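any chance you can model this:
(4 chains, ligands or ions: 4)
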Amino acid sequence: SQEVAVSDEITIVVMPKLVGIPYFNASETGAIQAGKDLGINVIYTGPTTPDAAEQVRMLEDLISKGVDAICVAPNDAAAMTPVLMKAKKAGIAVLDWDTPADASVVDLSIHQIDDREYGEHIWDLLVQEMGDTGDYAIVTGGLSAANLNTWIDAGLAYAKKQYPGLNLVTGKVPTDEKQQVAYQKTLDLIKAYPNLKGVVGVSTPAPLGAAQAVQEKGMKDSIAVVGTSLPTDSGPYLADESLRVGTLWDPAKLGYLTVVMAYNFLNGEKPQDGQEIANVGKISVWADGRTVIMGPPADFTKENYASFSF
Amino acid sequence: MGRTLVEIEKISKIFPGVKALQNVGFNINTGEIHALIGENGAGKSTLIKILSGVYQPEAGGKITMNGKVLEELTPLESLRNGIVVIYQDFSLFPNLSVMENIALGHSVEKNDTLVSWKAMEAIAADALDQLGLILDFHVPLGELSVAKQQLVAIARALANNAKLLILDEPTSSLSKGEVKKLFEIMLSLKKRGIALLFISHKLDELFAVSDRFTVLRDGQYIGTYSEDELDDDQLISLMVGRKIEYTIYPKNKKEEPLLEIQNFSKKGNFQDINFTLHKGEILGLTGLVGAGRTEVAQAIFGLNPVDEGTMLLDGAPLVINTPDEAVKAGIAYVPENRLQEGLVLRKSIEDNISLSVLDSISANNGLVDLTLKRSLTEKWMDQLGIRPNNPQMLASKLSGGNQQRVVISKWLATEPRVLIVDEPTNGIDIGAKSEIHQLLRELAASGLGILVISSELPEILAIADRVAVMRHGRIITQMFCEGLNQEDIMSKAL
Amino acid sequence: MKSGVKKLIVSKEGILFCIFLFVFFLMSLLSPGRFLSWYNLQSMAYQLPEFGILALSMMIVIVTGGINLSLTYTATLSMIVGGMVMANISAAGGNGILAVLAGIVIMIGMASLCGVFNGFVVAYIGVTPMLATLGAMTLFEGISLNITKGGAISGFPFEFLMIGSGTVLGIPIPMILFILIIVGTWLFLERSKMGMSIYMIGCNPKVALYSGVRVKRIIFQTYLIASVLAAIAGVLMASRYNSAKESYGSSYLLQAVAASVLGGTNISGGEGKIAGTVIAVMILQVISSGLNIFGLNRYLTNVVMGGILIVVLTINFLTEKRSK
Amino acid sequence: MNIKSLKIKELPILLILLLLSLIITIANPTFLTVENFLDILKSNLVLAMMALGMLMVLLTGGIDVSVASIIAAVTVITGQSLIHFSSNIFVTILVACLSGTLMGLVNGLLIAKLKIPPIVATLGTMSVILGLVLYLTNGAWITGIPDSFIEFGRITLFSFELVDGRTIGFPVQVLFLIPVIFLTWFILKKTVIGRGIYAIGGNLESAERMGFKADRILIFVYSFEGFLIGLAAVVHTSIMRQVDPNAFLGFEMQVIAAVVLGGASVLGGFGSVLGTVIGVSLFCVINNGLILMHIPVFWQKIVVGLIIIGSISIDMIQKQRVEKNKIRVDVE
Ligand SMILES: Nc1ncnc2c1ncn2[C@@H]1O[C@H](COP(=O)(O)OP(=O)(O)OP(=O)(O)O)[C@@H](O)[C@H]1O
Ligand SMILES: Nc1ncnc2c1ncn2[C@@H]1O[C@H](COP(=O)(O)OP(=O)(O)OP(=O)(O)O)[C@@H](O)[C@H]1O
Ligand SMILES: [Mg+2]
Ligand SMILES: [Mg+2]
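Ligands and ions are numbered 1, 2, ... in the order given. Sure, this is the predicted structure:
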């Protein structure tokens, strides 16, 4: 993240919601690698807390710096609109990644996955592990994290139709993006709802905290934990099945793809449905011609988690 | 008389703009009570702070104790050498128990690692015993009255086995009886060979116990005299450079009521208080410490609203629940504890004086007129002779007497109709005292009603037209001062 | 005259201003051409006001001897409530300007309610400000979340966005607002009778009470005014970010405390100058933008800011010690 | 005598704690089970240990907002040391406490020697320490903590079997908390330094005049707090089994709130170990009760905020009433 712009070189900014968490670290590796592979300058920087205000300020500074493309994972989509419009006015290509920004201001939208499908996938996994009837709870990173909410909402809508036997015991429980808090909240949930059969953890630390609680209570057979977690960090919990399944994409690939797409866009190249991207794989593109989907997530279980490297 | 304990030589101390001490030198002997006297701002407190290691003197000064030169004195060093000070502000810990306030210093001095609560209890009990005091050991000090806090400070000094005990105006919040007790203790300490350095502005007290007097004037050493060399007048002229005595003002009988207090009662404070303050009158309110005088004054001023009772101003009923209502009605109150209640120490003289009159020095738009603020400050500084003559000086850097004048100015600036002054000349030198007396008399002559709370009977007799005596929360008697003497009042107060 | 200038330079604000110049110069050297570009100067002028106003709001509360930890959540709660009304009016096809006016009035009204709550608990019940506002922070965040259910309020009329992005004579509107507020708070704190009372209360509330100052009322009003300032910062944020959410600006909270203290405000109350806080805000802005343009890792930027705070206070300590 | 002072100071908050517990129990009797008690205990050990350090800081009239960044740094150091240096528990404790103490020492030096106001000094060190930790680790979790250490963290004491066949018991980490409570109490109550802490919180100048070395006491207090944070970091790592450098963002406010809820004054001089333990308990019980009482999530923060303000307000109003009715003069 310390590249200094050389004036005649292409400079692409990739801004995560925040720096310094494992997920966005992994994307950093991918983004920087793509920069190396393409021989361009990639700046990966973002706020230290998931604060939209801070993100806007940083983007404003980066516009002053003079870059060629900005790829942002907004903490809040609407908040970015004015500054992204400024960027466009300054002749900068604007992309979003990871989480959608206001569709009307972005040139391209790079996504790991289709949000609705992903939400449904998580609930499918839950049912696969706990059966399609019974009590379950959701522990989430934070109440106002837009993409987590999108997945949960999609999953809930799907469950209502598809799995009427599922009973959500209480609203999604926020955990501050901390395993420790997820652990504590799950302990409380287990006691508050003695018939709990499943826990969905959304955001990477949440499933781990939930799994830890279930493991410690000796209830890993009666309560199924599934969720979105990185395979490396969740290894110990997958190993003893306190976490039954984790599901996520490789964030490094997402970072990589984002930079490649921005680079292609700057070179006037449009993404094509089914296009093969080196080091990433086949992508799909929506009918709008600018929403790029990286591909289906990977599911990790006791058997296969060791074969993933992210 | 004992041998020389402490030799003070060529001590000077310069603060920015002030030469607080210049080449002061004298000796203190074991087994003597040595009075240090001088006007407000003469440098007495500064000298003490040097002796106790709080300030360093300018180069060239020397302090020798028992033949040993004390260099680079720190508070701890000073304490270890047996120099114990009771400061004007007591230097106690409001959050610690009485026992710890008295005995904790022991453990520190002995460099202990652990505290022994048993030992502390014994030390505290012993010290309080010597003072003949009965106090609950475990009560946090902050819950005690000012007077009791001061006694605790004295008890602490006793517990510290002082060789030189320094008392900076120790009697200012003590009743006559307590002062007498203190003096007895001082004399017994003296008998044990301890040296006492005693600061007071009350001449009768000074003469009652002191063996020798050292006089300071404007930071300069004037001389040291033994008790039999001097009388009051000589002492005053040494201090002030001229002759001063309490003027006994002519007494008046005023007819026109200004403030009428009827049946004031408050549970745990006072009961059935009735008196009338007339226009142009000074009414003295006296009694022992703890009689409830301050509580009555604060009730009138809205700090301590009553349970029942009525108050009439100019014959019209007046209800006051907060101080600002009192100020608006023309009532002013100079509190007894200027450091905690009277002055914002971190701010300038100017800010302090203008605090109570912000309304009148600001325009309709709420902005303060700075020139008016300055001229008002200068007027009152001039009128009361506040030194140094610098409106920007921080209140914390003023000597005690000048601080008191600032507090009085603050209230006079509100041009009150009723002025309540609680121990107005506490810590004020004799010269300034008579100036304040004169000022109060002049104010009364201009039509103000003044309620003077004072434990100092000569003061009451000098300026008050009438006196009310309080005991245990009640007014026992009200008398005209004409022809009265101290014993007449004392007999009622006890 | 000459000594006056000298006094100005060695005053706390003077030293601070020199530090500002130094930092500004340094950043210009680090990113030649970029930092000093007209675009960047203007961009900083857009960024500065919202933080600056929050810092001033924090500062006046600190001068009373308090602190307001609910500061940013006051701003966001009011922008959420006002924003909702504004978005609804505008969605119903209402007049844009009218919607904006209604929105702003409600934002300020909501913030006033927050201020009344804090002021009441601190002044009249007498709860320690740190704890009262900590509770209020949680409470306001909870109410905001309850309203938004975690989402953002958006769909503001176009006119509202002009507040945060428009210019008058080439000067960004937020900057103009900020300057007005600087002058306003300066008059209020350093020249008005209420301001003088605030300083005295900050030093010693008992003495102020004994002097006939209505201490409780003034403390109450100060929290109220501080909350209104927070609402104005909220208006700017909502307008600049085109939406309202409970977490906006949460990183400003401790920065606002830091800016106040860096600017010479005594954290235990009673002392502090508007000019100092404003210069401190400018220093923090220049460092933040400068290092961002230079491309320093964001975490190292935090390290630098923390370092500056310590260094400046050490300088203060040493100069004070020397003057003694 | 001591019972009397307990009555005045800690009683109101203790009553609130009991009242709240009662309400939660009525709503959900699970609250009053041994299992729930042990859960609460285990998940709040770190908070409790850090609160005791913070108590000392508050007593001197200071405050420390850098505690969360210090524990983040120490957990990272501990994790690295466990993996690359030694998994011996004693070595780990030594490393953690040493690094915590050093960071506390820096705070202490800034505050005592350079006279920087505590909130600002620690705000500064907070930025610096957290910035460095996240810059160096890039926020990556440290996984692969040696099994021996993880096993250690799983030990339970006085285990017994529940009706459904599961065994539960006191977590081994309690062995850290109990001595810490005792040690803090001992220092505050029985040592001269401890009384000095109260003294400088009550009246700094007088304490110095009395011979207390305020500098040394302040340095001791902040270092001791760092030391406790070191222990807390070991406890945390042994419970969580991996290290997340971001795990403590914003934690400082919880620590301070818990201590102040327990009756400590942010102005210094007032506060006790007992009060802090009650304050921490109150804090934990509120959080535990939210889910047990089935309070909807979007109402939880509102409830917490109201309980904090409400309980302190009741306490305050009570104190004012006592003050108002205090007998000042023995009226005849
Ligand atoms: N810290 C300080 N800074 C500046 N000037 C000071 C300071 N302390 C004392 N002074 C000044 O030094 C002079 C001597 O003050 P000091 O307090 O010693 O007088 P004092 O004899 O004790 O008077 P009083 O009887 O009124 O208590 C005064 O002019 C005072 O204003
Ligand atoms: N409302 C109040 N708030 C705080 N302190 C008070 C209040 N009312 C009275 N006090 C203090 O309580 C103390 C009790 O007064 P005390 O028992 O000495 O009675 P007194 O008759 O006023 O004695 P004195 O002879 O000192 O005037 C006084 O020092 C006063 O300053
Ligand atoms: Mg003096
Ligand atoms: Mg009195």
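
OK, contacts around the closest residue in space to C:Ile283 that isn't next to it in sequence?
Nearest residue to C:Ile283, sequence neighbours excluded (CB to CB, 6 or more residues apart in numbering or on different chains): C:Phe20, at 5.0 Å. C-beta: built from backbone N, CA, C; applies to glycine. Neighbouring residues of C:Phe20 by CB atoms under 8 Å, 6 or more residues apart in numbering or on different chains: C:Ile279, C:Met282, C:Ile283, C:Val286.

what count of nearby residues applies to the first one?
Think C:Ile279. Applying other CB atoms under 10 Å in any protein chain shown, we find 24 residues neighbouring C:Ile279.

swap in the second one?
C:Met282 has 20 neighbours, counted by other CB under 10 Å.

got a list of what C:Val278 touches?
Applying CB under 8 Å, 6+ apart to C:Val278 gives the contacts C:Gly52, C:Leu56, C:Ile182, C:Gly263.

tell me the residues of chain B that contact ligand 2?
For chain B, the contact set with ligand 2 under CB under 6 Å from any ligand atom comprises B:145-147, B:173, B:289-295, B:298, B:303-304, B:336-337, B:453, B:455.

can you do 8 Å?
B:145-147, B:173, B:175, B:269, B:287-298, B:303-304, B:335-337, B:341, B:422-423, B:453, B:455, B:470 (CB under 8 Å from any ligand atom).

over to chain D?
With the criterion set to CB under 8 Å from any ligand atom, chain D comes near ligand 2 through D:Arg328, D:Val329.

lowest-confidence helix or strand of chain D?
helix D:2-9 (a mean of 51; mean pLDDT, DSSP states H and E).

and the strand or helix carrying B:Ala35, is it in reach of ligand 3?
Element membership for B:Ala35 (DSSP states H and E) is strand B:33-37. No: judged by CB under 5 Å from the ion, strand B:33-37 and ligand 3 are separated, with a smallest distance of 9.9 Å.

ok, now which ones touch residue 243?
Going with chain A. A:Leu243 touches A:Pro207, A:Leu208, A:Ala210, A:Ala211, A:Val225, A:Val226, A:Gly227, A:Ser229, A:Ser234, A:Tyr237, counting by CB under 8 Å, 6+ apart.

ah, no, chain D please
Counting by CB under 8 Å, 6+ apart, D:Val243 has contacts D:Thr75, D:Val76, D:Thr78, D:Gly79, D:Trp141, D:Ile142, D:Ile145, D:Thr237.

just the buried residues of the helix or strand hosting the third one, please?
Element membership for D:Thr78, per DSSP H and E: helix D:67-84. Of the residues in helix D:67-84, those buried under the neighbour-count criterion (16 or more other CB atoms under 10 Å in any protein chain shown) are D:67-79, D:81-83.

do a quick rundown of the helices in the stretch 1-150 of chain D.
Read by DSSP state H, counting those that start in this stretch, the stretch 1-150 of chain D holds these helices, from start to end of the chain: D:2-9, D:11-27, D:34-59, D:67-84, D:89-112, D:118-137, D:147-154.

in JSON lines, list these along with distance to C:Ile104.
Putting the helices of the stretch 1-150 of chain D into JSON lines (distance: least, CB to CB, whole Å) gives the following:
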{"stretch": "helix D:2-9", "distance to C:Ile104": "47"}
{"stretch": "helix D:11-27", "distance to C:Ile104": "40"}
{"stretch": "helix D:34-59", "distance to C:Ile104": "40"}
{"stretch": "helix D:67-84", "distance to C:Ile104": "37"}
{"stretch": "helix D:89-112", "distance to C:Ile104": "43"}
{"stretch": "helix D:118-137", "distance to C:Ile104": "33"}
{"stretch": "helix D:147-154", "distance to C:Ile104": "55"}
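
now, which of the contacts of C:Phe20 sits nearest D:Phe186?
Relative to D:Phe186, the closest of those is C:Ile283; by CB to CB it sits at 45.2 Å.

the closest one falls within a helix, correct?
Yes: with DSSP: H, G, I helix; E, B strand; the rest coil as the criterion, C:Ile283 is assigned to a helix.

so which helix or strand takes in residue 238?
You didn't say which chain, so I picked chain A. Assigned by DSSP H and E, A:Leu238 falls in helix A:231-239.

that's the other chain; I wanted chain D
helix D:214-240.

so for that helix, what gets flagged as buried?
Here helix D:214-240 shows D:214-215, D:217-240 as buried, counting by 16+ other CB under 10 Å.

wait, does it contact chain C?
No: applying CB under 8 Å from any CB of the partner chain, one finds helix D:214-240 out of contact with chain C, separated by at least 13.6 Å.

check stretch D:280-299 too.
Yes: residues of stretch D:280-299 are located near chain C by CB under 8 Å from any CB, namely D:Phe298, D:Trp299.

list the buried residues in that stretch.
Residues of stretch D:280-299 classed as buried: D:280-293, D:295, D:297-299 (neighbour count, 16+ other CB under 10 Å).

circling back: just the contacts of A:Leu243: which are in helices?
Judged by DSSP state H, those include A:Pro207, A:Leu208, A:Ala210, A:Ala211, A:Ser234, A:Tyr237 as members of helices.

please report the distance of D:Leu162 from D:Gly169.
11 Å (CB to CB, to the nearest Å).

now, among the buried residues of helix D:67-84, which is nearest to chain B?
The closest of these to chain B turns out to be D:Val67 (CB to the nearest CB; 23.8 Å).

okay but that closest one is in contact with D:Ile229, surely?
Yes: assessed by CB atoms under 8 Å, D:Val67 is found in contact with D:Ile229 at 6.1 Å.
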